[in-house]
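In: Just a sequence and a predicted model for now, questions to come.
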Amino acid sequence: MDEYVLDIPVEPPKELRSLFIPIPPEYVEDTYKSDDFLILVGPQHPGSGHMRLIVRVKGDIIQEVIPDPGYVHRSMEKLAENRLYIQNIPLVERPAIMDAPNFNLGYVRAIEEALDVEVPERAKYIRTMLAELGRVGTHLYDAAILAVFIGHTTGFMYPFALRELICEALVRLTGARFTSSFIIPGGVRRDADESTLKWIYDMTLAMERRLKSFERIFINNPTVIARLQDVGVLSKEEAIKYGVVGPFLRASGVEYDVRKVEPYEAYDDLAWDMPVSDAGDGYARFLVRVNEVGQSLSIIRQCIKEMPEGRVISEQIAENGNDIRGSFYDSLSNIVLPSGEYTTLTEGARGTIVFSIVSDGESNVPYRLRIVSPGWLYLRGFMESMKGERLADLQAIYGSFGYFPPEADR
Amino acid sequence: MMDIINYLFETFSSNMMDIPLIAPIVDYLMKIPVINVLVALILWKPFFAVIIMPGLGVLVLYLLYVVWYERKLTARIQWRVGPLEVARPIRGAIQALADGIRYFFQEAIVHREAHRPYYVQLPILAFIPVLLPIMFIPAGSAVGIYTPYSIQLIVTFIALIPITIVAIGWAANSRFAYIGSVREAFMYFAYEVPFIIAVISMIFLYGSGDAYVAVEKQSAIPGALLNPIAFIVYIIAMLMATSRLPFEIPEADQEIAFGPFVEYSGILFGLVMVLAYEKLYIMTLLFTILFLGGWSGLYCPLLGDLNGPLWMFIKTIVVISILVIVRSIYARYRLDQALRIGWTSMLALSIAALVVGGALGVWLS
C-alpha cells in the first residue's frame, strides 16, 4: 500500500509541557507528520503499572516505546546515607517486597565482605532457603500479573493463592509474611526449629501438586500459548547487547546465573539445574521461570535435608549463637566498615542485583550505597523487544518480563 | 370513552394466555370493572410475550441472575467465595441490584472532549436494536408480532447492534475508545459473515424462516444434531459477538481499558455494561429456537399456555450458564488471531454447514 505524506501543520498538545512528558515537541510533530500515532499508556492505566509508556504506533504496529519511569522513586540510595548499617536492612528490602530475602542477602553480604565475617554453615542453609522462598514467591506473583495482563483471571488467582503458602512459610520461619529483615550480618536472626522445617518441606510437596492444576489451566492453555509464543523475541545477541539479566537472559539462550558463576551461600553444595531456553520469546521467558520454581522447590527440600547442626550467628557478632534477640542492637549498631568499596552480585528472582557500599572508614553510616536492581537493568531490552509487535502485545510482553516499577525505580 | 375501553377489553380478552394454575384468581379479577382491563392486558398474548416472558420482565430477572451467577461461578473455579455480603442468606444473589443502584446514584461525568448529545443519548439509543428483536421472538403461542420471516428479522436486528457501539466509541472521542471502536468494527465483520451463513444453513434445513416451522421440524431431532457444524459456528460467533473471553477484544480492560466505554461513568456505564449481556440473551433465544427445539418440552397441563415461554426461558438460562464458564478458562486472543479464526476456520466451517443444511433441507422436504 502506498503512503501519502500530508503536510499539515501540527501543534503539539499543551499537556506535553504541563505533564512533564520526556519527549521533545519535534518528536511529536515528526510522529504526526509520518502518519504515526502516539499513545500514552499509564501511569493510570490498568495495564501499565506505576510507569508511563509512550508508544509510537503505525496502525497497530509498535514503532518505538519510550519508557517514563520514576513514578515510585523513593530515593533509597540517599536515605541509606543517613541511617546505621543495620537500619538500612529494612530499607533495601522495600524495592521488591516479594523478593525481599534476595535484596536483604545482597546487602548483608556486602557488609560481611567488608568486615570479613565468616557465616556459620547452618545460617548459610537457612539463608539459601529464604532466598529460594522469595524467588518462588516472586515468580508466582509475576505469573499472576502476566495472566491478568492477557485476560486470564483464573491464572491470576491460582498463583496468588499458592503464594499464600510461601507467606505462611515465611511467617513460621521469620514472623513476617514478607520483608522480614531476617538476614543480618553474620547469620540470621534466629534458628529454625524442626517442626517449622518439616512444615516447609511438606509445603513444597503440596505446592508442586497444586502447580499441576495451574499448569493445566494456564501454562498449557492454547490461548495463552497463542498470545505468548513468538511475541517480543530477543535474540541471544540482542539480549547480551541490551544488558538483559536473570531468567530473561537465560530465556534467550545465555547460560548465566550468578548462583552458578560466583556461588554464594550454600548453592555450591546443592544439586540444581539452570533452566535455559533458546526461543527468547514471551513464552520462553515464562517457561524458564516456571521451571525455576520447580528447581527452587527442590533446592528448598535439599536445604532442609542437608542442613547441618550448629550456631546460626557468627562468633564475631554475638555470643549466643542461636538467637540475636536481646543483643541485636548491642552487637550490630556500631559496626564501622573499613574504608573502601564493597560490591556483591546476587541472583534475585528477576535477575542480578548489584549492591555497592562505599565506606569512609570512620562513620557508622554508609558514605554511599548503590543499588542496581534487575528491573532497571532489563528495562532497555524490554523496550526493544516491543518494537514491531502489535499494540495488544504490549501487555503480554510487559507481563512476560515481570517488570516491577518499584524495584526499577528504587 | 367506555366504547374504547370495551373495545380494548374485547381485543385483549379474545387472545389471552390460558393458564389453569392461576385461572381462579384471573376469573375473580375479571369481574372487577377497571382491574379486568389491566389483567386482560397483562395476559394478552402479544403483551405477555414482549413485556413479561420471554421479554422485558424476565430479561431484568436474567440480568440480575447472570451477573451474580457469572461472578459466583468464576469465584468457585478460582478458589474464592465471590459476592456474598449483599444479602448473605441468599449468598449475595442481589449483588447486581446493589451495583445497579450504585451506578444510578453515581455522578455521570461527560468529559469536555465528548460529542455531548451523541455521547449521552447513544447508550439509550443502543437499546433499540437490542430490544426490538423481542417483538418477533415467539415462545409457544405467545408472540409479539407474528411473521414468517422472524429468524431473518432477529438476525437483522442483532447485526445492527455493533453500529451503536462503534458510534459510542466515536462519540467518546478518546484514544482508547477510538481503538476499541476500530476493534469492534473488525470483530463485527469477522463473526457476522460466518454467523449469518450458519443461520442461513439452518433456514435452508427447515425450509423456512418461520420460528414455528423450525420448532416443528425439530420435534424428533434437535437442530444441534441435524447440523452440528452450524451449531459450533453459532456458539463461537456468539462468544465473539458478545465479546466474551477468549474474544473479549474490543473491551480488553488491561489493554485499552474497556475500549469504547472507557469514558462512561454512573448510570450511563451501567447501561452500556449490560448491552453485551442483553445481546447474549437475544442471541441465545435465537440459538434455542434454531438448535435446541425452541419452546418444546415436557407439557405440564397446569401451566397451559405458559409452558412454551417457560421452557424457552429455562433452555436459554441453561445455555447461558454453560457459556459463562469460558470466562474463567481462556485468555484473550489478539485481534489478528481472532480475525484469522473468523475469516478462515469459521468461514470454512460455516460454508460446510451451509452444504450440510442445504442437502438435509432438500432430503427432508
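Out: Yep, it's here.
In: What about residue 186, how many residues nearby?
Out: Using chain A here. 26 (other Cβ atoms under 10 Å in any protein chain shown). The way it works is simple: take the backbone N, C-alpha and C, and place the C-beta from them, glycine included.
In: look at chain B instead
Out: Neighbours around residue B:186, by other Cβ under 10 Å: 17.
In: Name the residues of the stretch 51-200 of chain A found near chain B, please.
Out: A:60, A:147-155, A:157-158, A:161 (Cβ under 8 Å from any Cβ of the partner chain).
In: Could you tell me which residues make contact with residue A:188?
Out: Contacts were defined as Cβ atoms under 8 Å, 6 or more residues apart in numbering or on different chains; by that measure residue A:188 touches A:123, A:126-127, A:130, A:182, A:312-313.
In: May I have the phi/psi pair for it?
Out: phi -130, psi 170 (degrees, to the nearest 10).
In: same question, residue A:68
Out: According to degrees, to the nearest 10, residue A:68 has phi -130, psi 70.
In: Spatially nearest residue to it (excluding sequence neighbours)?
Out: Excluding its sequence neighbours, the residue lying closest to residue A:68 (Cβ to Cβ, 6 or more residues apart in numbering or on different chains) is residue A:52, at 3.9 Å.
In: what's the distance between the lowest-mean-pLDDT helix or strand in chain A and the middle of its chain?
Out: None of the helices or strands of chain A scores lower by mean pLDDT, DSSP states H and E than helix A:15-18, at a mean of 71. On the basis of Cα atoms, centre = their mean, to the nearest Å, helix A:15-18 sits 33 Å off its chain's mean C-alpha point.
In: For residue 284, pull up the helix or strand it's in.
Out: No chain specified, so I'll use chain A. Assigned by DSSP states H and E, residue A:284 belongs to helix A:282-306.
In: that answer is for a different chain, and I need it for chain B
Out: Counting by DSSP H and E, residue B:284 is part of helix B:266-291.
In: Would you tell me which residues of the stretch 51-200 of chain B are close to chain A?
Out: B:74, B:77-80, B:175, B:179.
In: Could you identify the buried members of the residues you listed?
Out: B:74, B:77-78, B:179 (16 or more other Cβ atoms under 10 Å in any protein chain shown).
In: Closest one to residue B:166 out of those residues, please.
Out: Distances from residue B:166 to these, taken as Cβ to Cβ, are shortest for residue B:179 (11.9 Å).
In: Give me the buried stretch members for the helix holding residue B:284, please.
Out: B:266-291.
In: picking that back up, reformat the residues of the stretch 51-200 of chain B next to chain A into CSV and put pLDDT next to each item.
Out: Converted to CSV, those look like this (pLDDT from 0 to 100):
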residue, pLDDT
B:74, 89
B:77, 87
B:78, 87
B:79, 85
B:80, 87
B:175, 79
B:179, 84
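In: farthest pair in those residues?
Out: B:79 and B:175 (36.8 Å).
In: tally of neighbours for the residue in the stretch 201-350 of chain A that chain B sits nearest to?
Out: The nearest approach of the stretch 201-350 of chain A to chain B comes at residue A:223, 4.3 Å away (Cβ to the nearest Cβ). Neighbourhood size, residue A:223 [other Cβ under 10 Å]: 21.
In: what's the answer for residue B:8, then?
Out: Residue B:8, neighbours per other Cβ under 10 Å, totals 14.
In: Could you list the domains of the chain?
Out: Assuming you mean chain A. For chain A, the structural domains run A:15-68, A:76-409, going by automatic domain parsing.
In: that's the other chain; I wanted chain B
Out: Using automatic domain parsing, chain B is parsed into the domains B:2-43, B:114-364.
In: Filter the buried ones among the residues of the stretch 51-200 of chain B next to chain A down to the ones in helices?
Out: B:74, B:77, B:179 (DSSP state H).
In: Tell me if the least confident helix or strand of chain A is near chain B.
Out: No. Helix A:15-18 stays clear of chain B (Cβ under 8 Å from any Cβ), getting no nearer than 12.2 Å.
In: Heading C-terminal from that helix, find the next helix or strand.
Out: Counting by DSSP H and E, what follows helix A:15-18 is helix A:25-33.
In: Which elements pack onto the helix or strand that comes right after that following helix?
Out: Counting by DSSP H and E, the next helix or strand C-terminal to helix A:25-33 is strand A:37-41. Packing partners of strand A:37-41 (3 or more Cβ pairs under 8 Å, 6 or more residues apart in numbering or on different chains; DSSP states H and E): helix A:25-33, strand A:52-58.
In: again, 10 Å this time
Out: helix A:25-33, strand A:52-58, strand A:61-68, helix A:393-401, helix B:175-206, helix B:253-256 (3 or more Cβ pairs under 10 Å, 6 or more residues apart in numbering or on different chains; DSSP states H and E).
In: Can you tell me the element residue A:353 falls in?
Out: strand A:351-359.
In: and the single nearest residue of the stretch 251-365 of chain B relative to chain A, how many residues sit next to it?
Out: Relative to chain A, the nearest point of the stretch 251-365 of chain B is residue B:332 (3.3 Å; Cβ to the nearest Cβ). Look at residue B:332: counted by other Cβ under 10 Å, it has 29 neighbours.
In: Residue A:105 too?
Out: 25.
In: where's it, which helix or strand?
Out: Residue A:105 belongs to helix A:100-115, assigned by DSSP H and E.
In: Okay, now the unreliable bits of the stretch 1-150 of chain A?
Out: A:1, A:3-13, A:15, A:46 (pLDDT under 70).
In: Residue of it closest to chain B, please.
Out: residue A:47 (3.9 Å).
In: so the closest residue to the residue of the stretch 201-350 of chain A closest to chain B other than its chain neighbours, which of the three states?
Out: Distances taken as Cβ to Cβ, 6+ apart place residue B:331 nearest to residue A:223, at 4.3 Å, with adjacent residues excluded. Under DSSP: H, G, I helix; E, B strand; the rest coil, residue B:331 falls in the coil class.
In: Contacts only, for residue B:331.
Out: A:146-155, A:218, A:221-228, A:396, B:245-246, B:248 (Cβ atoms under 10 Å, 6 or more residues apart in numbering or on different chains).
In: Among the residues of the stretch 51-200 of chain A next to chain B, which are located in helices?
Out: Using DSSP H, those in helices are A:147-149, A:153-155, A:157-158, A:161.
In: which of those residues sit farthest apart?
Out: So, these by Cβ to Cβ: farthest apart are A:149 and A:161, at 18.4 Å.
In: The two: who's more crowded?
Out: Ranked by neighbour count (other Cβ under 10 Å), residue A:149 and residue A:161 place residue A:149 first, with 26 against 16.
In: Touching, the more buried one and residue A:224? I think so.
Out: No. Counting by Cβ atoms under 10 Å, residue A:149 sits too far from residue A:224 to count as a contact (11.1 Å).
In: Find the residues that touch each one of these two.
Out: A:155, A:396, B:331-332.
In: Looking at those, which is nearest residue B:124?
Out: Using Cβ to Cβ, the shared contacts of residue A:149 and residue A:224 come closest to residue B:124 at residue B:332, 29.1 Å.
In: And for the nearest residue to that closest one once chain neighbours are set aside, the neighbour number?
Out: Leaving out its chain neighbours, the residue that sits closest to residue B:332 by Cβ to Cβ, 6+ apart is residue A:151, at 3.3 Å. Neighbour count for residue A:151, taken as other Cβ under 10 Å: 27.
In: And the pLDDT at residue A:151?
Out: Residue A:151 carries a pLDDT score of 84 in this model.
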